[in-house]
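K.L.:
how would this look folded up:
(2 chains)
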Amino acid sequence: MGRYVVRRLGQLVVVVLGATMILFACLFVIPGDPVGQIAGSDKARDPAVIAEMHKQYGLDKPLVVQYGTYVGKLVTGDLGTDYTQSRPVTEILAPKLGNTAKLAIAAIVIDVVIGISVGVLAAMRRYSIWDVSATFLTTLAIGVPSIVLGMIMQSIFVIKLGWFPLIAGDSFEGIVLPAITLAIIDAALVAQLARSTMLEVLRADYVKTAIAKGLPRRTVLARHIMRNSVIPVITYLGISFGSLLGGAIITETIFNWNGIGLALIQAIGQNNNPIIVGVVTIGVAVFVVLNLIVDLLYAALDPRIRLA
Amino acid sequence: MRGARSAKWVAGAIVIALAATACGGGDDSSSGSKGSGKDGGSFRMGITEPVAIDPYNAQESEGILVTTNLFTGLYLPTADGQVVPALATSKKVSKDGKTWTFGIKKDTKFTNGEAVDAESFIRGWNRVAQKSAASDVAYHMAGVDGFGDVQSGKAKTLSGLSAPDPYTLQVKLSAPDFEFYVKLTHTVFSPVPKVAGDAKNKAYNDAPIGNGPFKMSGKWEHNKSITLVRNDDYGLTKAHLDKVQIDILNSNNGSTLEYQGFESGQYDWARMPTPQLPAAKAKYDPQGEWLEQDTNGMNYLLPITDNGPLKNVKAREAVSYAINRDAIIKGVFQNMQSKSTTILPPAFKDVYQKDLCTSCVAQDTAKAKQLAKEGGLKPGTTIELGYNTGAGHEEWIQAVKQQLEDVLGVKVKATGKPFAELLGDQQKPNATGLYRFAWGADYPTPDNFLFPLLDTASINKDASGKVTGDNRGRYSNKKFDDLLAKARATEDESGRNAIYKEAEKVAMDDMALIPLWNRHQLRLANTKKFDNMAMDFHEDPNLAEIKLK
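P.N.:
Residues are numbered from 1 along each chain as shown, chains lettered A, B, ... in the order given. From the prediction side, this is the model:
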């Protein structure tokens, strides 16, 4: 188990390095001078100013040297200095990462609570009106792109009704709409997944045995059915956390939520490469760590699964 | 430079000049009020992330919005292209046009209590000019003696600046410039207090201490917000608003958020996405919440005049006659744009010569064909037409292409590229044909259009033949250059303006630029709650003059 964790963490290093290398090469090979774009000026920029800024950001050195320097700093947790504010990338991104985490956690909570309860109820009353409408609504939710949903909610609850602020920033009342937008597709998928695994488990021999033994219904449900149906759901949630980060880009843009998704979009607009590489580096690391946690959780829930 | 924002310019309609802005913080108001309205209130709006709010590098209208409200220099520009004194009490220029002496208003203070005197101006200018500042806007002071030495790092201070007494600033220039004081309307010429320190002093860059009508409340929260509050110790006419809350929005959907913010009552001022303009106008114009204004920028087609199919003036005139501007304005811009028939913007009232471009007034296909024949623009010729993508230019570019092809029988190759690449293409030695082009003024003088865009000196080719100056059309006419030099050497303003008009006519007769439409700006303004709202010279709200109703 311990060795397994160490090996997985080793993989993390390789994955992060690979991802940053690809991204770094792409960003810095793309034609166009990042420094030339910072101001986005219509007028010819003084070559002396450009040279000075290149020197300041180390852009006068070959790409390999720049990447070497980047990785060297990365080891110490330093993601470099951003172009527009000249502040450390980590300092800029830390609060934003916290905001995105808040949003992602709120979304996961919605996923779990709504998704599992809708799915379980639907499975237990199979083919009832409840089940049919749940299936219909979840399918609809999966089909609607979150950008559309977000904008519809914004126009109803923000602009028409004025219940929530337009610029969520990172306020508490601002989290409701973005979290729902972010969660809705996953919640629907979780509901469908929970329903089908539950139905499968209900048919399983060990459940029949448990019922035949005369165990109380509540015990069967909690010990045998729920525990076993939840495993695939947890796996799914672990994977979906990564897609939540992706979805956060759209959601944070719509609601101006001050997280790393919005930071990434803004950085792309500003050609602010250190922020772009930084967000992706953090994103990859978070994704890999979460997958590790999910795998460990998996083993804890199902003793048949061995990690080695 | 706001020219870059022209990438985002939107459509506009007939001119409704907003005369309310002819004040710009004059120094004569003891009563402190004009018209109705009272003090107080919080004004809310959105912008996108500025490059800088410190005068050392503030450049586009977002950054300038904050900087002009935090700092007050010697002169201010009004929306209609006038220059009015702010802290300047007098100006004197030597006979040779090289030495300027300004009197500075006494007893005004920075918000930290420090006095604003000649030294604080010298400090501010030197701070910008340093090589280490790497300022994008330092070139505005290039005319000051010693600028080259400071930029190259040889000197620490501009040798041209001195203070004969604490409230007199003397500026020596390296060449005559009778319009130097006009340049001082740019925020780069602001005074700064001692605490400003070096241009790269981050603490100051994010929370500048100035002498303007407003001061910072807290610091600049990057990509999030900036809050201004009234400076109660302001040395000139005090602002009326208690507070200005500026949200920093994502540039990708900033105008959408601004518009939605206005609709939901969370903003008092907003830009709008182009597709929403007709609906917004229909809704807000009847309520008096719709502002429109011709501003100090222009949109042109840029013909490359030294090479290719548009080398001949008649060919350029043929292109201009072949374009049906009215049809494009009606069809593409839904009448929210006004036709341009000059090189200089109508916002510069003193020099505006309506219909100077005769080929711009109406499409004339017969004349176009005739001139094309005479100018060697044969049917079947390929004309390159470069434009930048993603900024709403695609539709009208297609219309222009269609019209040129239909009328002249030429083949137009329209190529869309990212903005930075388009600018690079214009600079290439072998560039030919036409480019989408726009220009906005840094200060209200015809020189700021005519010199950079059309003077031979502004072509500035390097060894490889690349054009490094702003005269991307490579227009060169000695008569024009001489007139411009003569204008610069003319002290009397009305005499100077007459020469500028003459120079504009020379360039227009040569079709050095092909005018399309005036830069026209549209805004929503919460006139139910606030009085006295208008756009300033930089297309920003005139925060210092807005009052609560």
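
K.L.:
from here on, contacts and neighbour counts on C-alpha atoms
P.N.:
Noted.

K.L.:
who in chain B is up against chain A?
P.N.:
Within chain B, the positions adjacent to chain A are B:1-4, B:51, B:131-132, B:134-136, B:224, B:247, B:249-253, B:257, B:260-261, B:263-264, B:266, B:420-421, B:423, B:468-470 by C-alpha under 8 Å from any C-alpha of the partner chain.

K.L.:
quick one: which of those sit in strands?
P.N.:
Among these, DSSP state E puts B:D247, B:L249 in strands.

K.L.:
just the buried subset of the residues of chain B next to chain A, please.
P.N.:
Buried positions within the residues of chain B next to chain A, assessed by neighbour count (16 or more other C-alpha atoms under 10 Å in any protein chain shown), are B:1-4, B:51, B:131-132, B:134-136, B:224, B:247, B:249-251, B:257, B:260-261, B:263-264, B:266, B:420, B:423, B:468-470.

K.L.:
quick one: mean pLDDT over stretch A:98-107.
P.N.:
Averaging pLDDT along stretch A:98-107 gives 89.

K.L.:
ok, stretch A:256-266 next?
P.N.:
Stretch A:256-266 shows a mean pLDDT of 87.

K.L.:
next, give phi and psi for whatever residue of the stretch 151-300 of chain B ends up closest to chain A.
P.N.:
Per C-alpha to the nearest C-alpha, B:S264 is where the stretch 151-300 of chain B lies closest to chain A, at 4.3 Å. In terms of degrees, to the nearest 10, the main-chain angles of B:S264 are phi -90, psi 0.

K.L.:
distance of it relative to A:D60?
P.N.:
Taking C-alpha to C-alpha, to the nearest Å as the measure, B:S264 falls 48 Å from A:D60.

K.L.:
rewinding a little: surely the residue of the stretch 151-300 of chain B closest to chain A is in contact with A:W163?
P.N.:
No - shown here, B:S264 and A:W163 do not form a contact pair, counting by C-alpha atoms under 8 Å, at 10.1 Å.

K.L.:
what about the residue nearest to the residue of the stretch 151-300 of chain B closest to chain A when sequence neighbours are not counted, neighbour count?
P.N.:
Leaving aside its sequence neighbours, B:S264 sits nearest to A:I159 (C-alpha to C-alpha, 6 or more residues apart in numbering or on different chains; 4.3 Å). Other residues within reach of A:I159, judged by other C-alpha atoms under 10 Å in any protein chain shown, total 20.

K.L.:
quick check, A:I159 in a strand?
P.N.:
No - under DSSP: H, G, I helix; E, B strand; the rest coil, A:I159 sits outside any strand and is assigned helix.

K.L.:
let me see the contact set for it.
P.N.:
Counting by C-alpha atoms under 8 Å, 6 or more residues apart in numbering or on different chains, A:I159 touches A:L166, B:Q260, B:G261, B:E263, B:S264.

K.L.:
all the helices of the stretch 151-300 of chain B, residue numbers only.
P.N.:
Applying DSSP state H, counting those that start in this stretch to the stretch 151-300 of chain B gives helices spanning B:180-183, B:202-206, B:254-263, B:277-284.

K.L.:
tell me the confidence at residue 213?
P.N.:
Unless you meant another one, I'm taking chain A. What the model reports as pLDDT for A:K213 is 87.

K.L.:
chain B was what I was after
P.N.:
Note on B:P213: pLDDT of 97.

K.L.:
ditto for B:G32
P.N.:
Listed pLDDT for B:G32 reads 41.

K.L.:
how many other residues sit next to B:Q427?
P.N.:
Residues within reach of B:Q427, counting by other C-alpha under 10 Å, total 23.

K.L.:
tell me the pLDDT of the residue of the stretch 151-300 of chain B closest to chain A.
P.N.:
The model's pLDDT for B:S264 equals 88.

K.L.:
pull the contacting residues for A:D78.
P.N.:
Going by C-alpha under 8 Å, 6+ apart, A:D78 touches A:P88, A:V89, A:T90.

K.L.:
cutoff 10 Å now
P.N.:
Counting by C-alpha atoms under 10 Å, 6 or more residues apart in numbering or on different chains, A:D78 makes contact with A:Y70, A:V71, A:G72, A:P88, A:V89, A:T90, A:E91, A:G278.

K.L.:
is the host helix or strand of A:L182 in proximity to chain B?
P.N.:
A:L182 belongs to helix A:176-203 when assigned by DSSP states H and E. No - taking C-alpha under 10 Å from any C-alpha of the partner chain as the criterion, helix A:176-203 and chain B are apart, separated by no less than 14.9 Å.

K.L.:
which parts of that helix are buried?
P.N.:
Buried residues in helix A:176-203, counting neighbours by 16+ other C-alpha under 10 Å, are found at A:177-199, A:201-202.

K.L.:
now the helices for chain A?
P.N.:
A:2-29, A:34-38, A:47-57, A:63-75, A:89-110, A:117-124, A:129-143, A:146-153, A:176-203, A:205-212, A:217-219, A:227-255, A:260-269, A:273-301 (DSSP state H).

K.L.:
turn those helices into a markdown table, including distance to B:V506.
P.N.:
Conversion of the helices of chain A to a markdown table gives the following (distance: least, C-alpha to C-alpha, whole Å):
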| stretch | distance to B:V506 |
| --- | --- |
| helix A:2-29 | 45 |
| helix A:34-38 | 34 |
| helix A:47-57 | 32 |
| helix A:63-75 | 50 |
| helix A:89-110 | 53 |
| helix A:117-124 | 77 |
| helix A:129-143 | 62 |
| helix A:146-153 | 53 |
| helix A:176-203 | 58 |
| helix A:205-212 | 94 |
| helix A:217-219 | 94 |
| helix A:227-255 | 49 |
| helix A:260-269 | 41 |
| helix A:273-301 | 46 |
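
K.L.:
returning to what we had before: anything in contact with each of B:S264 and A:W163?
P.N.:
A:F157.

K.L.:
hang on, the earlier thing: any idea which of the helices of the stretch 151-300 of chain B is most buried?
P.N.:
Among those, helix B:254-263 has the highest mean neighbour count (mean count of other C-alpha atoms under 10 Å in any protein chain shown), at a mean of 23.

K.L.:
quick one, that helix and helix A:227-255 angle?
P.N.:
Helix B:254-263 runs at 90 degrees relative to helix A:227-255, counting by axes from the mean of the first three to the mean of the last three C-alpha atoms, to 10 degrees.

K.L.:
and the residue most central in space within chain A, what does it touch?
P.N.:
With distances taken as C-alpha atoms, centre = their mean, chain A has A:L245 as the residue nearest its mean C-alpha position (2.3 Å). Contact analysis of A:L245 by C-alpha under 10 Å, 6+ apart lists A:T100, A:A101, A:L103, A:A104, A:L182, A:T251, A:I260, A:G261, A:G283, A:V286, A:F287.

K.L.:
what's the answer for B:M533, then?
P.N.:
So B:M533 contacts B:18, B:20-21, B:269, B:289, B:291, B:525-527, B:541-547 (C-alpha under 10 Å, 6+ apart).

K.L.:
state the pLDDT value of B:L516.
P.N.:
For B:L516, pLDDT reads 96.

K.L.:
that one should be in a strand, yeah?
P.N.:
Yes - with three-state DSSP as the criterion, B:L516 is located in a strand.

K.L.:
that one: how many residues sit nearby?
P.N.:
By the measure other C-alpha under 10 Å, the count of residues near B:L516 is 27.

K.L.:
check A:I152 too.
P.N.:
For A:I152, using other C-alpha under 10 Å, the count is 12.

K.L.:
quick one: contacts for it?
P.N.:
Neighbour list for A:I152: A:S146, A:V158 [criterion: C-alpha under 10 Å, 6+ apart].

K.L.:
separation between it and chain B?
P.N.:
Look at A:I152 and chain B: by C-alpha to the nearest C-alpha, to the nearest Å, they are 12 Å apart.

K.L.:
next: A:W257.
P.N.:
Distance, A:W257 to chain B, using C-alpha to the nearest C-alpha: 9 Å.

K.L.:
same deal with A:L297?
P.N.:
38 Å.

K.L.:
next secondary structure element downstream of the host helix or strand of B:A318?
P.N.:
For B:A318, the host element (DSSP H and E) is helix B:313-322. Next in sequence after helix B:313-322, counting helices and strands by DSSP H and E, comes helix B:325-331.

K.L.:
what helices or strands is that next one leaning on?
P.N.:
For helix B:325-331, the elements it packs on are helix B:358-361, helix B:394-408, strand B:514-525, judged by 3 or more C-alpha pairs under 10 Å, 6 or more residues apart in numbering or on different chains; DSSP states H and E.
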